[in-house]
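**Student:** how would this look folded up:
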Amino acid sequence: MSLPAIRPGNIVTMGEILVDILVVERGIGFRTPLNLRGPFPGGAPAIFISQAARLGHPAGIISCVGDDDFGWMNIERLQRDGVDISAIRIDDDQITASAFVRYREDGDRDFLFNLKRSAAGHTVLDPPAVALLADCGHFHVMGSSLFSFHLIDEVRKAIEIVKANGAMVSFDPNIRKEMLNIAEMRAGLEFMLQYCDIFLPSGPELTIPTEANTEEAAITELLGLGISCIVVKRAAQGASYYDATRTLHVPGYKVTEADPTGAGDCFGATFVACLRQGLPIDECIRLANAAGALAVSRQGGMEGISSFEEMRALIEHSA
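**Tutor:** Okay, the predicted model is just below:
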């Protein structure tokens with residue numbers, strides 16, 4: 001199946017806005033006093049939409065934050081990056097979501113989330129959100145945002161609106177190991193596979209929503225569901241693109257890693273923004289690889305956002 005025609009309009013996402021608080025020392029768990037760095041503005045949907053806006057594409061987010069410093073820090077940062085914040089609801093009775101992040105010696109991360117009981121868990125499709133969706137040409141969903149049946153229902157309503165208007169839908173499963181024990185996550189993954197045109201998994205995430213044991217079988221199964229294309233993010237190894245008629249493997253770029261948080265979000269936003277600008281698929285992936293590489297070279301998820309000039313400079317330097 002080929003991709004639907006690109007509908008004019010903005011890129012919209014829906015989901016958590018939060019702060020990342022990073023542990024300075026490497027180790028395991030959060031059971032002893034630790035040195036912390038942050039807060040940094042973050043949340044996968046927020047990083048994604050800020051990257052899209054930084055690339056000059058009209059972009060907006062539907063979310064909810066508390067009337068607190070964490071919430072206002074995020075709103076101000078999103079606004080500076082050019083994001084439409086009209087559909088961010090401020091809830092006086094809730095606190096802004098947070099994620100404490102610790103790095104292990106092997107580079108893996110442990111997360112301690114406050115999502116379900118935060119303002120993010122009270123995101124709703126209210127009139128400002130519906131107004132933002134009226135001009136949506138592309139709707140993007142992160143699996144991390146499907147952490148409750150309430151959020152799944154709200155995202156479903158949003159997808160019904162944008163699909164009726166001819167918008168494209170992309171889905172990044174963005175599965176953290178800490179989220180696999182949330183019963184709603186499996187339901188959210190299965191539901192999104194029915195609606196997405198572009199599937200953006202990272203490595204092992206490719207097989208999680210399928211019955212397959214190999215990448216090849218998973219790709220066949222997913223394309224058979226009606227997904228138009230699959231872009232597999234492979235970190236430093238680059239990315240692979242699959243659709244019904246072609247396969248592309250595009251190498252990544254070597255950088256010194258400071259923090260992997262947000263790299264996949266920057267990749268996805270860049271791929272979507274470039275696709276909507278009519279760039280060839282291989283160039284979309286090259287720029288997305290550069291965006292991901294630049295993201296890991298900076299600490300703090302939203303601090304890794306980059307411009308086209310920075311991406312092209314990295315590509316040229318790596319040639």
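**Student:** quick one: the helices in the stretch 51-200 of the chain?
**Tutor:** Remark: helices assigned in the stretch 51-200 of the chain by DSSP state H, counting those that start in this stretch are 69-80, 127-133, 149-164, 183-193.
**Student:** of all the ones you listed, which lies closest to residue 265?
**Tutor:** Among those, the nearest to residue 265 by C-beta to C-beta is helix 69-80 (13.3 Å). Glycine gets a C-beta too; all of them are placed from N, C-alpha and C.
**Student:** Now do that closest one, average pLDDT.
**Tutor:** What helix 69-80 shows for mean pLDDT is 97.
**Student:** For it, report the contacting residues that lie outside it.
**Tutor:** 17-19, 39, 41-43, 46, 49-50, 53, 61, 65, 85, 88, 90, 95-96, 98, 119, 302 (C-beta atoms under 8 Å, 6 or more residues apart in numbering).
**Student:** just the buried members of those?
**Tutor:** Applying 16 or more other C-beta atoms under 10 Å to these, the neighbour count classes 17-19, 39, 41-43, 46, 49-50, 53, 61, 65, 85, 88, 95-96, 98, 119, 302 as buried.
**Student:** Inside strands: which ones of those residues?
**Tutor:** 18, 19, 39, 41, 42, 61, 65, 88, 98 (DSSP state E).
**Student:** mind checking how far the nearest residue to residue 35 once chain neighbours are set aside is from residue 241?
**Tutor:** Distance criterion C-beta to C-beta, 6 or more residues apart in numbering; nearest residue to residue 35, sequence neighbours excluded, is residue 24 at 4.1 Å. Noted for residue 24: a distance of 38 Å to residue 241, by C-beta to C-beta, to the nearest Å.
**Student:** Between the two, point out the one with more neighbours.
**Tutor:** residue 241 (18 against 10; other C-beta atoms under 10 Å).
**Student:** For the more buried one, list each beta-bridge partner.
**Tutor:** The bridge-partner assignment for residue 241, based on DSSP bridges, gives residue 231, residue 248.
**Student:** Tell me, how many residues neighbour residue 297?
**Tutor:** Counted with other C-beta under 10 Å, residue 297 comes out at 18.
**Student:** do residue 166 as well
**Tutor:** Number of residues near residue 166 (other C-beta under 10 Å) recorded here: 14.
**Student:** From residue 159, how far off is it?
**Tutor:** Taken as C-beta to C-beta, the span from residue 166 to residue 159 is 13 Å.
**Student:** can you check residue 191 too?
**Tutor:** Residue 191 is 9 Å from residue 159, by C-beta to C-beta.
**Student:** Tell me which of the two has more neighbours.
**Tutor:** Taking other C-beta under 10 Å, residue 191 and residue 159 do not tie; residue 159 has more neighbours (22 against 19).
**Student:** quick one: pLDDT of that one?
**Tutor:** As predicted, residue 159 sits at a pLDDT of 96.
**Student:** Now do the same contact list for the residue nearest the centre of the chain.
**Tutor:** For the chain, the residue nearest the mean C-alpha position is residue 265 (3.9 Å; C-alpha atoms, centre = their mean). Taking C-beta under 8 Å, 6+ apart, we find residue 265 in contact with 44, 45, 47, 48, 51, 142, 172, 174, 295, 301.
**Student:** helix or strand right after the helix or strand hosting it?
**Tutor:** Here residue 265 sits within helix 263-276, counting by DSSP states H and E. Of the helices and strands lying after helix 263-276 in sequence (DSSP H and E), the nearest is helix 281-296.
**Student:** Any buried residues in the helix holding residue 265, and which?
**Tutor:** Buried, per 16+ other C-beta under 10 Å, within helix 263-276: 263-276.
**Student:** State the distance from residue 103 to residue 34.
**Tutor:** Relative to residue 34, and taking C-beta to C-beta, residue 103 is found at 11 Å.
**Student:** Between these two, which contacts overlap?
**Tutor:** By C-beta under 8 Å, 6+ apart, the residues touching both residue 103 and residue 34 are residue 23.
**Student:** Tell me which of these two has more neighbours.
**Tutor:** For the pair residue 103 and residue 34, the greater number of neighbours falls to residue 103 (19 against 15), based on other C-beta under 10 Å.
**Student:** Nearest spatial neighbour of the more buried one, chain-adjacent residues omitted?
**Tutor:** Counting by C-beta to C-beta, 6+ apart, residue 103 lies nearest to residue 26, which is 5.0 Å off, once chain neighbours are set aside.
**Student:** Give the residue spans of the stretch 1-150 of the chain that score low on pLDDT.
**Tutor:** Under the criterion pLDDT under 70, the flagged ranges of the stretch 1-150 of the chain are 1-2.
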